[in-house]
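I'll drop the sequence and a predicted model, then ask my questions.
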Amino acid sequence: MTIRNPIEWSGAQLVSAAHAAEAVGRSVDHMRDTAHSPAPAIRRIHNADVWQSLREGFSDFQAYRSDVIFLCTTYALVGLVMARVAFGSDLLPLLFPLASGFAIIGPLAAVGLYEMSRQRERGAVVGWANAFDILKAPAIGGIAALGLILVAIFLVWLTAAWAIFDATLGPTLPPSPAQFAHDVLFTAPGQVMIALGVGVGFLFALLAMMLSVVSFPLLVDRDTGLDTAIATSFRAVLANPGPMALWGLVVAAVLLAGTAVFFVGLTVAVPVLGHATWHLYRKLIA
């Protein structure tokens, strides 16, 4: 390894930036080319298919246990950092909204797991590094764009959660976590905040699920347009309201259990749900 002068270094950075810009341009062009692509057929599923998908997701998790725990440990670390920031700053009222936000951005975080399940389904030998094969997917531009949409929804949810706090227990910030917990659980404004927060949060989580439950796996599996993937996801949920409501409850319960144990449980919850989402997609789409 040689030490380059500033001119050589700057030139190399410009070349790298040009390659990155070219790759982005190709992705945008590809998104235009695949727009309005033919929509796949939707299957009707039953509650039993949801439980089977969960079992198959757990089977994938067992097959890659060390790999996905290594890959998903970052979620637990992020959760712990969020908790530390919230408890040590003025963001304490956003602790629950931040934690519940995993239900919104979780599908984006699990994209690599869909790829691992897809390759295992085809009989390939798969390790954690194969999660990054998703970067080679033809529809990577659509995947990135959909991810940005989920991040935007997550930020709007945080804004709404803060507005709910401000209208109930706010605008004065709690002096301590203990006082905040007392005010939330044992005062009328706190109980109103809980009711409003759960109700509004449910709507955001429902939107995120309808938007992404099929679209992300579909973009991983097939070279289809972003608009087609999103429309297909909405159609799949609307065609199977009962089983998809059950799936939403399962996701909420598993994520709640994962965050309850100081976020460490997310190292299991996220990969199991990610792999299970792939198998649910395979049952929903013909």
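Happy to help now that I have it.

report the contact partners of the nearest residue to P93 once chain neighbours are set aside.
Spatially, and ignoring its direct neighbours in sequence, P93 is nearest to F165 (4.2 Å; CB to CB, 6 or more residues apart in numbering). To be clear about C-beta, it is placed using only N, CA and C from the backbone, and glycine gets the same treatment. Residues near F165 by CB atoms under 8 Å, 6 or more residues apart in numbering: P93, L94, M193.

make sure the first one is indeed in a helix.
To tie it back to what came earlier, the one meant is P93. Yes: under DSSP: H, G, I helix; E, B strand; the rest coil, P93 sits within a helix.

distance of it from A167?
Note on P93: its distance to A167, by CB to CB, to the nearest Å, is 12 Å.

who's more crowded, these two?
A direct count of neighbours by other CB atoms under 10 Å for P93 and A167 places P93 higher, at 22 against 13.

was I right to think the more buried one contacts P174?
Yes: with contacts counted by CB atoms under 8 Å, P93 reaches P174, the gap being 7.4 Å.

S212 touches I153, doesn't it?
No: assessed by CB under 8 Å, S212 is found out of contact with I153, at 9.6 Å.

settle it for me: which of those two has more neighbours?
A direct count of neighbours by other CB under 10 Å for S212 and I153 places S212 higher, at 27 against 18.

what sits against the more buried one?
P107, L108, L146, L150, S233.

widest-spaced pair of these?
L108 and S233 (13.6 Å; CB to CB).

these two: who's more crowded?
Under the criterion of other CB under 10 Å, the comparison of L108 against S233 puts S233 first, with 26 against 19.

per-residue pLDDT, that one?
S233 carries a pLDDT value of 96.

so it is in which element?
Using DSSP states H and E, S233 sits within helix 226-239.

and what of L98?
Using DSSP H and E, L98 sits within helix 95-100.

any idea which helix or strand comes after that helix?
That would be, after helix 95-100 and using DSSP H and E, helix 102-109.

and the contacts of that following helix?
Residues outside helix 102-109 that contact it (CB under 8 Å, 6+ apart) are 75, 79, 146-147, 150-151, 153-154, 157, 204-205, 208-209, 212-213, 216, 251-252, 255, 258-259, 266, 270, 273-274, 277.

which of those count as buried?
75, 79, 146-147, 150, 153-154, 157, 204-205, 208-209, 212-213, 216, 251-252, 255, 258-259, 266, 270, 273-274, 277 (16 or more other CB atoms under 10 Å).

among those residues, which are located in helices?
For the buried ones among the contacts of helix 102-109, the ones inside helices are 75, 79, 146-147, 150, 153-154, 157, 204-205, 208-209, 212, 216, 251-252, 255, 258-259, 266, 270, 273-274, 277, with DSSP state H as the criterion.
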